[in-house]
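Trainee: structure for this input, please:
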Amino acid sequence: MWQVNSDGFFGMPIFIEGNYLVTMRFLGSTNAPVECYDLTSGNLLWSVDVTNSSGLSLPVGLRDERVFAVRFTESPNDTLYALDVSNGSHLWTSDVNVAPYMSETGVFDSIGNFYIYNYGNYNTYKINPVNGQKIWQTFTFPMASGSGEMAVNNSNNTGYTLEIDQSNRSCVWAIDLATGQKKYSQIVPALRPGGNFPQSALMVGFNGVVYVQLTDDNVAALSDNGTGFTLLWQTEIFGNGSFSLMCVGADGSIYAPTDGKIVRLDPLTGETLNISATITQGGFFLPRISATSNNMIYATNGESYVYAFDLNLNLIWSDNLPNTNTSGVCIAPNGLAAVCGQNTIRVYTPTQTVGIPETEDVFVSLHPNPTSSYVTLTFENLVSAKDYLCIDSQGKIIRKGKIFEKCTTLNLADLNSGLYFLQIEGLYQTIKIMKE
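Mentor: Below is the predicted model of the structure:
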């Protein structure tokens with residue numbers, strides 16, 4: 001949609017709210033302003049150095065028209081500020097020192113409270129977003145840089161942190177967001193000798209399951225029943241993808257880095273569903289993966305490319321963008337996709353294609369709908385077998401398979417009444433099915 005020349009050695013994370021795009025442009029250890037652009041036009045709205053030329057102006061969040069920015073000097077005594085997103089003016093200075101790693105950000109709960117880490121004193125802070133005052137702090141001890149970011153589950157008012165225990169093992173802690181009290185934990189064991197070195201944030205899926213990436217070892221899933229965790233599954237991954245980010249696709253699938261590729265995992269079993277082609281050129285492999293509600297998966301590789309895939313990890317398009325580094329693709333509510341790299345900020349419009357030859361476009365009708373027992377799919381053109389997923393209203397995959405015939409009947413008699421979604425390879429739209 002647009003591209004602007006914006007001086008910077010490499011890409012940094014992007015934040016979007018309304019028509020504002022915020023990032024940092026790194027030109028040196030004491031020359032790295034936080035900048036705000038018009039999302040629609042790419043016009044620079046303001047550029048602010050919160051450090052008085054003493055460090056980096058690192059944005060770590062954007063919410064309710066406040067830009068949260070850290071005077072970043074890689075010391076345990078850095079300062080957290082809030083800026084007005086419309087003009088960059090100073091709103092407040094926090095009463096606590098913070099120290100996230102440069103590859104981390106803060107996170108918000110449903111009402112906008114802000115949570116951020118300090119690696120100097122091993123505390124996670126809850127900050128009042130209106131005045132910057134501390135609400136609580138709690139001791140958290142990540143194993144390595146990049147994994148100090150909390151994940152928030154608003155449905156049970158719980159935060160999750162990935163930490164190290166006394167035996168040097170990775171473990172997940174549940175923290176009460178109201179009080180900061182640590183409630184219980186679960187070890188996530190390494191699957192291969194030598195352990196692991198987690199440098200990536202954990203995340204919470206649509207289903208409330210906590211997903212953990214242990215770099216060069218495994219992705220794990222943990223359920224939380226309010227009194228403790230259950231380790232549901234672990235799936236091996238390979239290769240050093242430090243500071244990478246996983247994501248959850250529109251259908252609930254988990255997308256994670258492995259061996260220079262992206263792997264798609266079944267959220268209930270950890271089974272490998274699809275694997276992408278290699279997306280690294282053999283350099284600093286730092287994939288940051290993000291998803292949209294229209295069945296798109298985006299990724300940067302930390303090197304010089306941006307990728308777009310369908311849910312099955314078929315490549316739709318790629319674009320050269322040097323030194324994406326820690327800039328993943330940030331998705332605006334209107335579907336615009338923003339990413340930055342060396343001397344460049346770029347915004348893409350949502351794609352409307354699925355990257356398959358026109359001769360294999362899928363056109364399908366379905367009846368009866370609503371149904372009490374079965375649906376019949378009739379394809380105008382079916383050149384090859386197509387994968388399908390049937391997903392419930394909670395985003396869980398409850399059935400999957402392949403369609404081989406132009407007229408195919410799916411038996412739904414055993415499903416509970418309610419709304420279901422049918423996704424078919426090569427079909428852009430998701431089909432809604434009402435089961436009576």
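Trainee: the residue lying closest to residue 97 once chain neighbours are set aside and residue 30, how far apart?
Mentor: Using CB to CB, 6 or more residues apart in numbering and skipping the chain neighbours, the partner closest in space to residue 97 is residue 77 (4.7 Å). From N, CA and C alone the C-beta is placed, and that goes for glycine too. As judged by CB to CB, to the nearest Å, residue 77 and residue 30 stand 16 Å apart.
Trainee: pull the number of nearby residues for the residue nearest to residue 97.
Mentor: When counting by other CB atoms under 10 Å, one arrives at 12 neighbours for residue 77.
Trainee: how much space separates it from residue 232?
Mentor: Residue 77 is 40 Å from residue 232, by CB to CB.
Trainee: same question for residue 166.
Mentor: Look at residue 166 and residue 232: by CB to CB, they are 25 Å apart.
Trainee: domain assignment for this protein?
Mentor: Listed by automatic domain parsing, the domain ranges of the chain are 2-348, 358-435.
Trainee: would you mind finding the most buried of those domains?
Mentor: Of the domains of the chain, the one with the most neighbours on average (mean count of other CB atoms under 10 Å) is domain 2-348, at a mean of 19.
Trainee: now the terminal residues of that one, how far apart.
Mentor: 7 Å (CA to CA, to the nearest Å).
Trainee: so how far is stretch 57-74 off the chain centroid?
Mentor: On the basis of CA atoms, centre = their mean, to the nearest Å, stretch 57-74 sits 19 Å off its chain's mean C-alpha point.
Trainee: now it: mean pLDDT?
Mentor: Mean pLDDT, computed over stretch 57-74, is 96.
Trainee: so how far does that stretch reach from one end to the other?
Mentor: 12 Å.
Trainee: check contacts around the residue nearest to residue 97.
Mentor: Neighbouring residues of residue 77 by CB atoms under 8 Å, 6 or more residues apart in numbering: 97, 99, 120.
Trainee: can you tell me the element the spatially closest residue to the last one that is not a sequence neighbour falls in?
Mentor: Using CB to CB, 6+ apart and skipping residues adjacent in sequence, the residue nearest residue 120 is residue 76, 1.8 Å away. In this structure, residue 76 sits in neither a helix nor a strand according to DSSP states H and E.
Trainee: who touches residue 76 in this structure?
Mentor: Residue 76 sits next to 97, 99, 118, 119, 120, 121 when contact means CB under 8 Å, 6+ apart.
Trainee: make it 10 Å
Mentor: 97, 98, 99, 118, 119, 120, 121, 122, 123 (CB atoms under 10 Å, 6 or more residues apart in numbering).
Trainee: Three-state assignment for the nearest residue to residue 223 once chain neighbours are set aside, please.
Mentor: The spatially closest residue to residue 223, leaving aside those adjacent along the chain, is residue 230, at 4.8 Å (CB to CB, 6+ apart). Under DSSP: H, G, I helix; E, B strand; the rest coil, residue 230 falls in the strand class.
Trainee: pLDDT score for residue 402?
Mentor: 85.
Trainee: and for residue 395?
Mentor: As predicted, residue 395 sits at a pLDDT of 59.
Trainee: repeat that for residue 196.
Mentor: pLDDT for residue 196: 67.
Trainee: where along the stretch 1-150 of the chain do the helices fall?
Mentor: For the stretch 1-150 of the chain, no helices are identified by DSSP state H, counting those that start in this stretch.
Trainee: lowest average pLDDT across the domains of the chain?
Mentor: Minimum mean pLDDT among those: domain 358-435, a mean of 78.
Trainee: how far does that domain sit from the chain's center?
Mentor: In this view, domain 358-435 has its centroid 28 Å away from the chain centroid, taken as CA atoms, centre = their mean.
Trainee: quick one, what contacts residue 93?
Mentor: Applying CB under 10 Å, 6+ apart to residue 93 gives the contacts 50, 71, 79, 80, 81, 82, 131, 132.
Trainee: quick one: residues contacting the fourth one.
Mentor: Taking CB under 10 Å, 6+ apart, we find residue 80 in contact with 50, 58, 60-61, 68-71, 92-100, 106, 114, 116, 118, 125, 127, 132.
Trainee: what's the closest non-adjacent residue to it?
Mentor: The spatial neighbour of residue 80 that comes closest, neighbours along the chain excluded (CB to CB, 6+ apart), is residue 94 at 3.9 Å.
Trainee: cool, and the third one?
Mentor: The shortest distance from residue 79 to any residue that is not its chain neighbour, by CB to CB, 6+ apart, is 4.4 Å, and that residue is residue 71.
Trainee: pretty sure residue 46 sits against residue 36.
Mentor: Yes - Residue 46 is within contact range of residue 36, at 5.2 Å (criterion: CB atoms under 10 Å).
Trainee: return every residue with contacts to both of those two.
Mentor: With CB under 10 Å, 6+ apart, residue 46 and residue 36 have common neighbours 20, 22, 67, 83, 84, 85, 86, 87, 88.
Trainee: ok, the fourth one to residue 29 distance?
Mentor: Residue 83 sits 21 Å away from residue 29 when distances are taken as CB to CB.
Trainee: then residue 241?
Mentor: Distance, residue 241 to residue 29, by CB to CB: 26 Å.
Trainee: ditto for residue 157
Mentor: Separation of residue 157 from residue 29 (CB to CB): 39 Å.
Trainee: ok, now residue 224?
Mentor: From residue 224 to residue 29 the distance is 41 Å (CB to CB).
Trainee: do the same with residue 151
Mentor: 30 Å.
Trainee: residue 73 now?
Mentor: 9 Å.
Trainee: okay, and the common contacts of the two?
Mentor: Common neighbours of residue 73 and residue 29, using CB under 10 Å, 6+ apart, are 54, 55, 56.
Trainee: please, where are all the helices along the stretch 301-436 of the chain?
Mentor: Remark: no helices are assigned in the stretch 301-436 of the chain by DSSP H, counting those that start in this stretch.
Trainee: surely residue 154 and residue 206 touch.
Mentor: No - counting by CB under 10 Å, residue 154 sits too far from residue 206 to count as a contact (11.9 Å).
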